[in-house]
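Participant: would you be able to build a 3D model of this:
(chains A and B)
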Protein chains: 2
Amino acid sequence: MSDTSSLDALIQALRRLPGVGQKSAQRMAFHLLQHDRAGAQVLSQALAQAAGNVRHCQRCHTFTEDALCEICQDAGRDATRLCVVETPADQAAMERTGAFKGLYFVLMGRLSPLDGVGPRDIGVRELIERASDGTVQEVILATSFTAEGEATAHAIAEALGRRGVQATRLARGVPVGSELEYVDLGTIAHALADRR
Amino acid sequence: MSDTSSLDALIQALRRLPGVGQKSAQRMAFHLLQHDRAGAQVLSQALAQAAGNVRHCQRCHTFTEDALCEICQDAGRDATRLCVVETPADQAAMERTGAFKGLYFVLMGRLSPLDGVGPRDIGVRELIERASDGTVQEVILATSFTAEGEATAHAIAEALGRRGVQATRLARGVPVGSELEYVDLGTIAHALADRR
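Facilitator: Sure thing, here's the model as predicted:
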């Protein structure tokens, strides 16, 4: 229907969102136009603002609107500990625990050879350089405990080892609040080996 | 993190999309900012354009950018048949069959008392007026075969009956290509009753 080209363009644009196919895009467009035009305007402006303003922190690579993110600017953080996470969401989860007072390095991804994501894409060289600056005493690898996250942690730990920088990994074990019966065997085996 | 207010605003705006929660919104925002800034700009413009340009056809209520939609403008359509559908997507599905040459009335919803959607919200009065204009000889009710869609069809058929306008309903039956074994019993019972 050529007289609804704005609608078609909106549906195609919505399909660029991850996990959104033709049907979902139609449903979203219909909802916004029929029930929430204000929401469409708000989203339009939020997208333009974020695409224009959000950039990467020069030190830790997380999203920020300044040259340095708030955490990197905070002189009260312990600069001797550097926590390596995959995404800003992982960083936010770590911050919510309140258990870590050091600084971060956000990979903005993880090694994924099949998707063409190599060490350069996640800033491994910058990470190694920063970790070797003499201030950092411990690098805590907090990448995911998935195959790709483990491979990423392994590759970074090896590179750090060659520079003589100590790397640690988050402990694997039984999640708080879970019953042993329902925990997978690999996790129980790790929890047993790392018992304390 | 107050230094990523654009990011936070984007995540909140994405949550206004139907079926998108906090995690999905985070994932979408991360994807757009990290991998597809062009997509963010395209979506921003498509939203603003659609919210500004798309309105309702004065005759059939579907989405259009003109006063009348393409189908209502088409003098070659059979004005004696009026097909009532719930959404523009349903209308598009009907058009793709190529089996209907008449005109449409798009309810842009269906009766849903629990959600506060009454006859006025789906334009039942306008539909009845149009169906009683002397040109329309048959109103084909093509609302969904769900509880709400059936209730909507029933209410419209009753109102049309009081005006002496004939209303028909799409046939219920076994979908093309399906094996009887896997078809639900209500459908088989309807197909049996309506056998021809």
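Participant: pull the contacting residues for A:L47.
Facilitator: Shown in contact with A:L47 (Cβ atoms under 8 Å, 6 or more residues apart in numbering or on different chains): B:L10, B:A13, B:L32, B:A40, B:Q41, B:L43, B:S44, B:L47. To be clear about C-beta, it is placed using only N, CA and C from the backbone, and glycine gets the same treatment.
Participant: what's the angle from the helix or strand hosting the fourth one to helix A:37-53?
Facilitator: It refers to B:A40. Per DSSP states H and E: B:A40 is located in helix B:37-53. Inter-element angle recorded for helix B:37-53 and helix A:37-53: 150 degrees (by axes from the mean of the first three to the mean of the last three Cα atoms, to 10 degrees).
Participant: give the rounded mean pLDDT of the following helix or strand past helix B:37-53.
Facilitator: Once the chain leaves helix B:37-53, the next helix or strand it forms, by DSSP H and E, is strand B:55-56. Taken as a whole, strand B:55-56 has an average pLDDT of 94.
Participant: for strand B:55-56, packing partners?
Facilitator: Applying 3 or more Cβ pairs under 8 Å, 6 or more residues apart in numbering or on different chains; DSSP states H and E, one finds that strand B:55-56 contacts strand B:63-64.
Participant: is the strand it packs on positioned near chain A?
Facilitator: Yes: Strand B:63-64 reaches chain A (Cβ under 8 Å from any Cβ of the partner chain) through B:F63, B:T64.
Participant: give me the contact list for that strand.
Facilitator: Outside strand B:63-64, the residues within contact range by Cβ under 8 Å, 6+ apart are A:D3, A:T4, A:L7, A:L33, B:V54, B:R55, B:H56, B:C57, B:C69, B:E70, B:P88.
Participant: that strand pairs with which strands, parallel or anti?
Facilitator: strand B:55-56 (antiparallel) (DSSP bridges).
Participant: format the contacts of A:L47 as JSON lines; extra columns: pLDDT.
Facilitator: As requested, those are arranged in JSON lines below (pLDDT from 0 to 100):
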{"residue": "B:L10", "pLDDT": "96"}
{"residue": "B:A13", "pLDDT": "97"}
{"residue": "B:L32", "pLDDT": "96"}
{"residue": "B:A40", "pLDDT": "97"}
{"residue": "B:Q41", "pLDDT": "96"}
{"residue": "B:L43", "pLDDT": "97"}
{"residue": "B:S44", "pLDDT": "97"}
{"residue": "B:L47", "pLDDT": "97"}
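Participant: what's the farthest-apart pair in those?
Facilitator: Comparing all pairs in the contacts of A:L47 by Cβ to Cβ, the longest separation belongs to B:A13 and B:Q41, at 14.9 Å.
Participant: so which of these two has more stuff around it?
Facilitator: When B:A13 and B:Q41 are compared for neighbours, B:A13 comes out ahead with 23 against 16, by other Cβ atoms under 10 Å in any protein chain shown.
Participant: just the buried positions in the helix or strand bottoming out on mean pLDDT in chain A, please.
Facilitator: Lowest on mean pLDDT, DSSP states H and E among the helices and strands of chain A sits helix A:185-193, with a mean of 86. The neighbour-count check on helix A:185-193 (16 or more other Cβ atoms under 10 Å in any protein chain shown) flags A:T187, A:H190, A:A191 as buried.
Participant: residue contacts, the second one?
Facilitator: Translated: A:H190. Counting by Cβ under 8 Å, 6+ apart, A:H190 touches A:R172, A:G173.
Participant: may I see the buried residues of stretch A:118-134?
Facilitator: Neighbour counts over stretch A:118-134 (16+ other Cβ under 10 Å) mark A:P119, A:I122, A:G123, A:V124, A:L127, A:I128, A:R130, A:A131 as buried.
Participant: closest one of the residues you listed to chain B?
Facilitator: Nearest to chain B among the buried residues of stretch A:118-134 is A:I122, at 10.9 Å by Cβ to the nearest Cβ.
Participant: show me the contact partners of the lengthiest strand in chain A.
Facilitator: If you go by DSSP state E, chain A has its longest strand at strand A:78-85. Strand A:78-85 is contacted by residues A:91, A:94, A:100-107, A:127, A:130-131, A:135-143, A:153, A:156 when judged by Cβ under 8 Å, 6+ apart.
Participant: buried sites along it?
Facilitator: Buried, per 16+ other Cβ under 10 Å, within strand A:78-85: A:R81, A:L82, A:C83, A:V84, A:V85.
Participant: export those as JSON lines, with columns for distance to A:A25.
Facilitator: Below are the buried residues of strand A:78-85 laid out as JSON lines (distance: Cβ to Cβ, whole Å):
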{"residue": "A:R81", "distance to A:A25": "44"}
{"residue": "A:L82", "distance to A:A25": "41"}
{"residue": "A:C83", "distance to A:A25": "37"}
{"residue": "A:V84", "distance to A:A25": "36"}
{"residue": "A:V85", "distance to A:A25": "31"}
